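Visitor: quick check, what structure comes out for this input:
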Amino acid sequence: MGRIGRPRAEVVITDHERVELIRLTKRARVNRAIAFRARIVLACVDASDTAVARHLRTTKTTVAKWRGQFVERRLDGLYDEPRVGAPRTITDETIEAVIVKTLETRPSGETHWSTRSMAKAAGMSHSTVGRIWRTFRLQPHRSESFKLSPDPQLVDKIRDVVGLYMHPPANAVVFSFDEKSQIQALERAQPILPMDVGQPERRTHNYLRNGTVDLFAALNVATGEVIARCKAQHRAQDFVAFLREVEASVEPTLDIHVVLDNLSAHKAPAVQRWLVRHPRVQFHFTPTYASWLNLVERFFGLLTEKALKRGSHTSVAPLRAAILAYVEAHNTRNRPFKWVKTAEEILDSMRRFGLRVQQVHSR
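Guide: Here you go, the predicted model:
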């Protein structure tokens with residue numbers, strides 16, 4: 001007489017379940033276990049446990065387990081159930097004490113806590129301290145700089161500049177202007193070694209200075225096109241000469257709005273006289289210590305990162321050529337920067353930050 005075993009659970013899946021199972025099989029890079037279980041269930045529709053195990057290179061026990069889980073609990077059966085785990089050894093009071101000590105105290109003779117110094121002070125392992133800090137996003141090792149603008153017209157200027165970015169006036173062109181001054185022509189002390197298989201590009205840490213150049217740049221907010229000129233200095237007369245070029249590039253019937261910072265050269269008498277003779281050009285100044293509000297700064301950041309930081313220039317001439325080559329490449333892409341935060345969102349964020357600073361000082 002043949003051996004009679006436990007009857008095999010038949011797998012019948014609906015169209016919806018098939019689509020979901022196929023989707024799960026494509027998540028092998030995200031969750032390999034779930035993807036493997038989904039493949040087992042799909043294979044069990046038309047094959048025995050032995051055939052499925054042989055095809056997927058696993059055991060009959062594994063196939064039978066997930067076949068049964070799916071038949072009993074459907075798609076939910078493919079996921080692991082929560083496990084109880086070991087009892088906690090760190091109480092909420094202990095965690096709170098670590099957080100308070102991290103925020104409100106400093107180790108003797110030092111400026112900030114490390115995981116090991118905190119672990120020694122709190123009587124726990126440094127890995128436990130690390131987990132607590134990660135959970136509550138505490139990073140004593142990091143320090144960032146900030147500067148609150150003391151400009152008395154801060155609110156009005158933010159609303160004015162952001163309004164130009166997000167809702168430019170009709171029959172007008174908006175430019176974001178600034179100078180990137182004292183760009184150094186740096187030549188590496190030794191030739192740069194190019195990238196190779198398994199080896200990044202390498203350069204010496206020391207360099208030779210071969211002069212400087214000032215970059216004048218006006219970013220057309222609507223189109224993303226940049227008008228750029230390299231000059232030896234950034235005096236008022238240099239600024240006026242650049243303004244003439246910007247105005248000449250715009251149709252005579254359109255007004256010109258220029259967003260710029262509070263550099264003294266931008267308010268010099270020569271500039272004021274030029275503005276009187278060209279009434280269609282209007283200046284909009286960013287608040288003091290608020291260069292982040294000038295959209296052309298984003299272009300300067302990309303220029304530095306992609307064209308200057310890794311370069312080696314023997315003189316000002318190749319440096320100027322590298323700058324203008326990047327400007328030309330940028331203009332061919334024709335992709336403007338998009339300002340997304342409204343003035344009220346910016347002011348609300350600054351208000352919340354100010355309240356936090358006030359709370360810190362009132363402790």
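Visitor: CA atoms of stretch 342-362 as PDB?
Guide: Extracted as PDB, the C-alpha positions of stretch 342-362 are listed here (Å, rounded to 0.1, in the frame of the first residue of the first chain):
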ATOM      1  CA  THR A 342       6.800  81.600  -1.800                       C
ATOM      2  CA  ALA A 343       7.800  84.700   0.200                       C
ATOM      3  CA  GLU A 344       5.400  83.700   3.000                       C
ATOM      4  CA  GLU A 345       6.900  80.200   3.300                       C
ATOM      5  CA  ILE A 346      10.400  81.800   3.500                       C
ATOM      6  CA  LEU A 347       9.300  84.300   6.200                       C
ATOM      7  CA  ASP A 348       7.500  81.600   8.100                       C
ATOM      8  CA  SER A 349      10.600  79.400   8.100                       C
ATOM      9  CA  MET A 350      12.700  82.300   9.300                       C
ATOM     10  CA  ARG A 351      10.200  83.000  12.100                       C
ATOM     11  CA  ARG A 352      10.300  79.500  13.300                       C
ATOM     12  CA  PHE A 353      14.100  79.500  13.200                       C
ATOM     13  CA  GLY A 354      14.200  82.800  15.200                       C
ATOM     14  CA  LEU A 355      11.900  81.300  17.800                       C
ATOM     15  CA  ARG A 356      14.200  78.300  18.200                       C
ATOM     16  CA  VAL A 357      17.200  80.500  18.600                       C
ATOM     17  CA  GLN A 358      15.300  82.600  21.200                       C
ATOM     18  CA  GLN A 359      14.400  79.500  23.100                       C
ATOM     19  CA  VAL A 360      18.000  78.300  23.100                       C
ATOM     20  CA  HIS A 361      19.200  81.600  24.600                       C
ATOM     21  CA  SER A 362      16.500  81.700  27.200                       C
END
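Visitor: mean confidence score for the longest strand along the chain?
Guide: With DSSP state E applied, the strand covering the greatest number of residues in the chain is identified as strand 172-188. For strand 172-188, the mean pLDDT works out to 93.
Visitor: elements contacting it?
Guide: Helices and strands touching strand 172-188, by 3 or more C-beta pairs under 8 Å, 6 or more residues apart in numbering; DSSP states H and E, are strand 207-220, helix 236-248, strand 255-260, helix 296-303, helix 316-333. Just so you know, the C-beta spots here come from the backbone N, C-alpha and C atoms, and that holds for glycine as well.
Visitor: need these in CSV (columns: mean neighbour count and distance to residue 76).
Guide: Converted to CSV, these look like this (neighbours: other C-beta atoms under 10 Å; distance: least, C-beta to C-beta, whole Å):
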stretch, mean neighbour count, distance to residue 76
strand 207-220, 18, 54
helix 236-248, 16, 64
strand 255-260, 20, 56
helix 296-303, 18, 47
helix 316-333, 16, 48
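Visitor: nearest to residue 344, out of those?
Guide: For those, distance to residue 344 was read as C-beta to C-beta. The smallest value, 18.8 Å, belongs to strand 255-260.
Visitor: what average pLDDT does that closest one get?
Guide: Per-residue pLDDT values over strand 255-260 give a mean of 96.
Visitor: neighbours of residue 355, how many?
Guide: Applying other C-beta atoms under 10 Å, we find 10 residues neighbouring residue 355.
Visitor: secondary structure element holding it?
Guide: Using DSSP states H and E, the secondary-structure element containing residue 355 is helix 343-361.
Visitor: so which bits of that helix are buried?
Guide: Buried residues in helix 343-361, counting neighbours by 16 or more other C-beta atoms under 10 Å, are found at 343, 346, 350.
Visitor: sketch out the low-pLDDT regions of this protein for me.
Guide: Across the chain, residues meeting the criterion (pLDDT under 70) sit at 1-9, 28-30, 82-83, 361-363.
Visitor: domains of it: list them as residue ranges, please.
Guide: When the chain is parsed into structural domains using automatic domain parsing, the resulting residue ranges are 15-78, 97-135, 154-192+205-346.
Visitor: so which of those gets nearest residue 198?
Guide: Taking C-beta to C-beta, domain 154-192+205-346 is the member of those nearest to residue 198, at 17.6 Å.
Visitor: start to end distance for the closest one?
Guide: The stretch domain 154-192+205-346 measures 11 Å between its terminal residues, going by C-alpha to C-alpha, to the nearest Å.
Visitor: likewise for stretch 264-279?
Guide: Terminal-residue distance, stretch 264-279 (C-alpha to C-alpha): 21 Å.
Visitor: about what we covered before: out of the helices and strands packed on strand 172-188, which comes closest to residue 150?
Guide: When the helices and strands packed on strand 172-188 are ranked by proximity to residue 150, the top entry is strand 255-260, at 19.0 Å, counting by C-beta to C-beta.
Visitor: residues near residue 178, how many?
Guide: The number of residues packed near residue 178 is 23, by other C-beta under 10 Å.
Visitor: which residues does it bridge with?
Guide: For residue 178, the beta-bridge partners under DSSP bridges are residue 217.
Visitor: likewise for the one 5 residues further on?
Guide: Beta-bridge pairing of residue 183 under DSSP bridges involves residue 213.
Visitor: try the one 10 residues further on
Guide: Here residue 193 sits in beta bridges with residue 202, as judged by DSSP bridges.
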